[in-house]
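Novice: would you be able to build a 3D model of this:
(one chain, ligands or ions: 1)
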Amino acid sequence: MSACALFKINQSSIPGCVELLPNRFQDHRGAFVKTFHEPSFAKLGLETNYAEEFYSVSALGVIRGLHFQHPPDDQVKLIYCAYGKVQDAVVDLRRGSPTYGHYQVFEISAETGNMLYIPSGLAHGFCTLSEQATMMYKVSKTYSPACDSGIRWDSLDIPWATERPILSERDQTHPPFQNYRSPFVYRPA
Ligand SMILES: Cc1cn([C@H]2C[C@H](O)[C@@H](COP(=O)(O)OP(=O)(O)O[C@H]3O[C@@H](C)C(=O)[C@@H](O)[C@H]3O)O2)c(=O)[nH]c1=O
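Specialist: Here you go, the predicted model:
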């Protein structure tokens, strides 16, 4: 684990993907958490330019994913859970990466306040573990329906918390990972 003044960093097994633990100021009113600080991100070598911010609200047992935007509108994502708890998963789609085709699973929760920094070239998805979960996103490129893509949530052996998830229609039609011809190429930092 490395640290800067505002964030502790846990490296994941997938190069470039890191878990951030922001400082949490707790008092008798509740908590105060800073989720983005440009100078700290710059010092940590993380993307500082975000083009959009959005959130989703999901019921227990929902899986959203596994999503990414392909080039030229590929995105870095910074995500956290503002309410509830999710099982989050990322998959490395970067050809030539030492972890190409590997996934990593994280538990992301409002209580822990942990965040995930997801570089371009990773597919992302999550399963809601609480009655409801609100997932917050900052992304480095705006939404591009033409580049918005996915691979099937169940095409790797990710140990999802549910076998019968609530899915969007679109998420039932993505190709499996094995059939996806990835345009992403790994570039070591
Ligand atoms: C992602 C997105 C969707 N939309 C629209 C399209 C659609 O009508 C509606 C819901 O879209 P989706 O079903 O794709 O929403 P959702 O399944 O929540 O998509 C998200 O999933 C997670 C796992 C991610 O990693 C995100 O980047 C994003 O892809 O919102 C936008 O207008 N802008 C956006 O940036």
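Novice: near the ligand, which residues of this structure?
Specialist: Within the chain, the positions adjacent to the ligand are 54, 56, 64-65, 67, 77, 124-125, 137, 143, 168, 170 by Cβ under 6 Å from any ligand atom. From N, CA and C alone the C-beta is placed, and that goes for glycine too.
Novice: repeat that with 5 Å
Specialist: Proximity of the chain to the ligand, by Cβ under 5 Å from any ligand atom, involves residues 56, 64-65, 67, 124-125, 143, 168.
Novice: what is the most widely separated pair among those?
Specialist: Farthest apart among the residues of the chain next to the ligand by Cβ to Cβ are Gly125 and Tyr143. That separation is 17.0 Å.
Novice: for Glu42, give me phi and psi.
Specialist: Residue 42: Ala, not Glu. Main-chain torsions, Ala42, degrees, to the nearest 10: phi -60, psi -40.
Novice: distance of the residue with the largest distance to the centre of the chain relative to Pro22?
Specialist: The C-alpha centroid of the chain is most remote from His28, which lies 31.4 Å away (Cα atoms, centre = their mean). His28 sits 20 Å away from Pro22, going by Cβ to Cβ, to the nearest Å.
Novice: compare Gly125 and Tyr143 and say which is more crowded by neighbours.
Specialist: Gly125 (25 against 13; other Cβ atoms under 10 Å).
Novice: check contacts around that one.
Specialist: Contact analysis of Gly125 by Cβ atoms under 8 Å, 6 or more residues apart in numbering lists 63-67, 88-89, 153.
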